[in-house]
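In: Pasting the sequence and the predicted model now:
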Amino acid sequence: MPLIPMYQCLKEAEKGGYGVGAFNVNNMEQIQGIMKAAREMQSPVILQASRGALKYTDLTYLKHLVQAAVEQNPDIPVVLHLDHGDSLETVKTAISLGFTSVMIDGSHYDFETNVAISREVVEYAHEHGVSVEAELGTLGGIEEDVAGEVKLTDPDQAEEFVARVGCDALAVAIGTSHGAYKFKAEPKLALDLISEIYRRVKIPLVMHGSSSVPKELVDVVNAYGGKIENSFGVPIESIQQGISNGVRKINVDTDIRLAMTGAIRKVLFEDPSKFDPRDYLAPAREAVYRLVAQRMKDFGSAGHAKDYAPMTLDDMKAIYKRA
Ligand SMILES: [Zn+2]
């Protein structure tokens, strides 16, 4: 299966009443671990790369790693998505690399500027058949250099925003937060807000900052010499409620980082004489696989890989032209 547009992936998820995990990737082992999970769970999957990931992988490497993933998994619908694109320039780079979806994050600007920047990206991306996620409202925490204060998404503004921007998916701020240090206690998410926004905008919603920071993963890191203060992530049950209220894309990054770091620390702690990277990267890859497979079950996407035939970006161009 070629890479599919995110538009199709999320529309199908809407039909099927499930959510699709969007997992951040930076290297081969992460991509392989995620793809093994998708294959075994028979799940559609969104691979996403931030600007940091593009820089880290020097663009071309990421492109070809994802091509390898697609080539090796012809039955799995895969979306390649730009996470937190900051400008039309970054979006153009991603599209030139073959990304089938981009995010433009203008959420830290004022409303009118966010509309203008996002609209410009939608026009360019849709001409290329590429899907667009935009964001309204701000999350807490830090991701890349995106930091700021929390401002929950306002449903009135969301309705106007989506009507004027024409994006395919909307990232909403409902009380989640980026990073591993999210909350001091079990968080209370604004779940009513999700259903209200969804009712108004009628497009798939996206939850950022949705790692669960499972205690088991933090415990492994700390048991083998790590030092991560205890912290709460977003409980799986809250994400599942989000999914039943209109969330279709769930971003997971921190949990993958924790799973890999724990696995690597364990190997090196237990046998300090080891120095072959394969000795610790293979267990790290397995840890990614286990985590992602669990999330595919949690989000309900498992078993949905063969529900539909892939659409191409040319199909999408025709759809956008008619709209
Ligand atoms: Zn994010």
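Out: Perfect, thanks for sending it.

In: pLDDT value on G175, please?
Out: Among the per-residue scores, G175 holds a pLDDT of 82.

In: dump the residue contacts of A37.
Out: Shown in contact with A37 (CB atoms under 8 Å, 6 or more residues apart in numbering): S43, V45, V288, Y289, R290, V292, A293, M296. Just so you know, the C-beta spots here come from the backbone N, C-alpha and C atoms, and that holds for glycine as well.

In: distance of it from S43?
Out: According to CB to CB, to the nearest Å, A37 stands 7 Å off from S43.

In: and for the two, which residues touch both?
Out: Overlap between the contact sets of A37 and S43, as judged by CB under 8 Å, 6+ apart, is given by M296.

In: Please work out which residue of the stretch 151-300 of the chain is closest to the ion.
Out: H208 (3.4 Å; CB to the ion).

In: Find the nearest non-adjacent residue to that residue, please.
Out: Spatial nearest neighbour of H208, chain neighbours left out: N251 (4.9 Å); criterion: CB to CB, 6 or more residues apart in numbering.

In: wait, that neighbour sits on M103?
Out: No - using CB atoms under 8 Å, N251 makes no contact with M103, being 9.6 Å away.

In: what's the neighbour count on the residue of the stretch 151-300 of the chain closest to the ion?
Out: If you count neighbours by other CB atoms under 10 Å, H208 ends up with 29.

In: Could you pull up phi and psi at it?
Out: For H208, the backbone dihedrals (degrees, to the nearest 10) come out as phi -90, psi 170.

In: again, but for the one 5 residues further on
Out: The main-chain torsion angles of V213 are listed as degrees, to the nearest 10 and equal phi 40, psi 60.

In: what number of residues lie near P310?
Out: 14.

In: shaky segments in the stretch 101-250 of the chain?
Out: The model of the stretch 101-250 of the chain has pLDDT under 70 over residues 140-149, 180-187, 230.

In: try 90 this time
Out: For the stretch 101-250 of the chain, the stretches flagged by pLDDT under 90 are 138-152, 174-192, 209-211, 229-234.

In: and the residue of the chain positioned farthest from its centre, what does it touch?
Out: Each residue of the chain has a distance to the centre, and by CA atoms, centre = their mean the biggest one is for S273: 36.7 Å. Not one residue lies near S273 by CB under 8 Å, 6+ apart.
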